[in-house]
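Student: Just a sequence and a predicted model for now, questions to come.
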Amino acid sequence: MKRHGKLLGLTALVALALLCAPSRATADPELDKGETQRQLDNLRRQIGVLRGLADAESRATELELRQIKDRLDRIERSLARMSPPITRSASSFTPSDPLARRTTMRLSNRLPVTAYVTVNGVTHSVLPFGTFTLRNLPTGALTYEVSAAGYYARATATTTLVADEMLTVNINAPAVPIVGLPVVV
């Protein structure tokens, strides 16, 4: 569109220059007048063609812009359907039993067989002459039960765990061996 506008302007300037320019001296002024009229008509036709081109280009540009706008609207609607709106939320909580109020229990098996220790309903196995450490146990009352094949059927004890202290349970052979009791594993 700018190119055609420049051509239109240049053509108009040339036409103006030709009309205002002094005519050369010829024998027949009527011939000069006819030639000038012919050139003027030719320039008018060219200006008309350039105006038509400029109008056509303006309509094409307007159509392209409308199509681009419609396409952009469709893309924006499609994107809006694809992603849900982002919502932000925040929350906090205060733990009822923070880790600072926890303790540790060490199980030390001094028997030549695997010992089984049930702490608050959860059974743990301790290998022969081995140790097993339970971390992050809640403080307070604790019940544990020990069993070992040939040594203990079910020895139950209750104790209280204190924060930041370690309770060690040594699993030793009893002073008097247990005979005739069924083995519970």
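Tutor: Yes, it's here. Note that the structure is predicted; figures quoted are calculated from it, not measured.

Student: the longest helix in the protein is where?
Tutor: Ordering each helix of the chain by length in residues (DSSP state H) puts helix 29-82 first.

Student: what's downstream of it, the next helix or strand?
Tutor: Sequence order places strand 102-109 as the next helix or strand after helix 29-82, per DSSP states H and E.

Student: Identify each buried residue in stretch 164-175, please.
Tutor: Within stretch 164-175, the residues that qualify as buried are 167, 169, 171, counting by 16 or more other Cβ atoms under 10 Å. Using the backbone N, CA and C atoms, a C-beta is placed for each residue, glycine as well.

Student: Show me these that map onto strands.
Tutor: With strands taken from DSSP state E, the overlap with those comprises 167, 169, 171.

Student: which of these lies closest to K33?
Tutor: Closest approach between those and K33, by Cβ to Cβ: L167, at 126.0 Å.

Student: Quick check: the gap between the closest residue to that closest one other than its chain neighbours and L40.
Tutor: Computed as Cβ to Cβ, 6 or more residues apart in numbering, the closest residue to L167 that is not its neighbour in sequence is M105, at 4.7 Å. Noted for M105: a distance of 113 Å to L40, by Cβ to Cβ, to the nearest Å.

Student: So the two - more neighbours on which side?
Tutor: A direct count of neighbours by other Cβ atoms under 10 Å for M105 and L40 places M105 higher, at 21 against 13.

Student: Isn't the more buried one up against T133?
Tutor: Yes. Under the criterion of Cβ atoms under 8 Å, M105 lies in contact with T133, with a separation of 7.3 Å.

Student: Residues that sit against both of those two, list them.
Tutor: Overlap of the contact sets of M105 and T133 (by Cβ atoms under 8 Å, 6 or more residues apart in numbering) is empty.
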